[in-house]
Each structure stands twice: as structure tokens, then as C-alpha cells.
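sequence first, predicted coordinates after that:
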Amino acid sequence: MNESSLTRIKSHIENRNVGLISAFRGRYTKPENLQRTRELESMIRSDGFSFIKMNGHYIEGHGTPNAQDNDEVALFVIGKDGDDNGKLKGALKKYGSSFDQESVLYKAFDKDDAVLIGTVDKNEDGESVWPGLGNESSVGKFNPMRVGEFYTTMKQSKNASKGKTEPSIPRTFTFEGFEFPSSYFQRFSEYIRNRNLS
């Protein structure tokens, strides 16, 4: 997983159904969110999918002097080559609902644009969330090395012999203006909704 390159990600996006999801929620501590991520990883594996662990970033106060980069663990989920009769899309919806995510990101192998899919109607506090259960909103095309308000970076690899992180240029990608939000996907949903309203 750590040796995965942006070229490999691009190949997956062009030839397979893929998705992006996080188990993080702002109401939990980092250790709790990491445990939730391990549970999500187990669900993905048990359903027969593979994934690449990434960092989902969103910029709080984007475009202001106090802008701050926040990140959380995101999983790039990889489906089978070609048409899978909706298997990955259905699984992503299930994962999103199970981990109280407002939405998940999905891209079909035969489509240019990725879509944000709503996986709940209300958050844990009973407040309505956008885009709403089952609703979809386009987030645009894959953009290697483009950084916006919400973006994703590959995790840096570890030097197996020294146990140290290799210095490298972060490998980033976005889907058009999309990048990650109190959670990455909560704030991402808000960003896409506001973009569509303007």
C-alpha cells in the first residue's frame, strides 16, 4: 500500500469503480477515530475489496489569514475491473451509514465525474444534513497534483530498514474543486452544496 503511486491511483480511477470514505467524526477523540478506521478497514476486506490508506485534507478558513490545514484518515476503496453491478457503490453506502458519514465519494469506471452520495438524512444530533440519503451530486473530474480546499494525499512510505518516514513531495489529487471536511465528508458536503447553489 505505501508504495502505491499517483499513476496507480489514476489507473484505478480510469478502469475500476472506486470510492473514498472516512470513519472519522469530530465528536470522537483521535484514538477513537483510529479504532473506527480499523473497523471500517475490516468491513472493506471482508466484502472482498482492497483499499489504499490516505490522508483526507480540508482547509478550515480557506482563503483567510487564519487558514489551517486539517486532516484525517481516508480510505481509497478499489472495486473490480469494469462493471460490478453496483456492488462497490452499495458497499460504500453501507459503510457511510454505519459510520455516520454525511456522504461518500464514488466514481464509476465508465464515467468522467465522481459523485458525492448522501448516506444519512440526519447526523447523530438529529440535524438534517446535505445531500441527504441516496442523493448524488457531481464533484468533477480527477485532477492529479491539484490542491484545493479539499484534497487527498498519499501516505508517505516507511523505510523498512530504518523505520523512518522517507522525505518526499506529497502526492495530491482532487476531484475538480473538491477536497475533504468537523469531518472531511461533512465539510466536503457543505462545500459541494454551496458550490451548487452559487
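Yes, it's here.

name the helices or strands packed onto the longest strand belonging to the chain?
Taking DSSP state E as the criterion, the chain has its longest strand at strand 68-81. Contact here means 3 or more C-beta pairs under 8 Å, 6 or more residues apart in numbering; DSSP states H and E; on that basis strand 68-81 packs against helix 6-15, strand 16-21, helix 30-46, strand 50-60, helix 87-98, strand 150-154. Where you see a C-beta, it was placed from the backbone N, CA and C, and this is true even at glycine.

buried sites along the third one?
Applying a neighbour-count criterion of 16 or more other C-beta atoms under 10 Å, the buried positions in helix 30-46 are Asn33, Arg36, Thr37, Leu40, Ile44.

export those residues to a markdown table and tack on pLDDT and distance to Gly90?
Below are those laid out as a markdown table (pLDDT from 0 to 100; distance: C-beta to C-beta, whole Å):
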| residue | pLDDT | distance to Gly90 |
| --- | --- | --- |
| Asn33 | 93 | 25 |
| Arg36 | 97 | 21 |
| Thr37 | 96 | 21 |
| Leu40 | 98 | 16 |
| Ile44 | 98 | 13 |
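
export those residues as TSV, with columns for distance to Val77.
Shown next, in TSV, are those (distance: C-beta to C-beta, whole Å):
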residue	distance to Val77
Asn33	18
Arg36	16
Thr37	13
Leu40	10
Ile44	6
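
closest to Asp81 among these?
The closest of the buried residues of helix 30-46 to Asp81 turns out to be Ile44 (C-beta to C-beta; 17.6 Å).

contacting residues around the closest one?
Ser50, Phe51, Leu75, Val77, Ala91, Tyr95 (C-beta atoms under 8 Å, 6 or more residues apart in numbering).

make it 7 Å
Residues in contact with Ile44 (C-beta atoms under 7 Å, 6 or more residues apart in numbering) are Phe51, Leu75, Val77.

identify the bridge partners of the last one.
With DSSP bridges applied, Val77 shows beta-bridge pairing to Gly19, Phe51.
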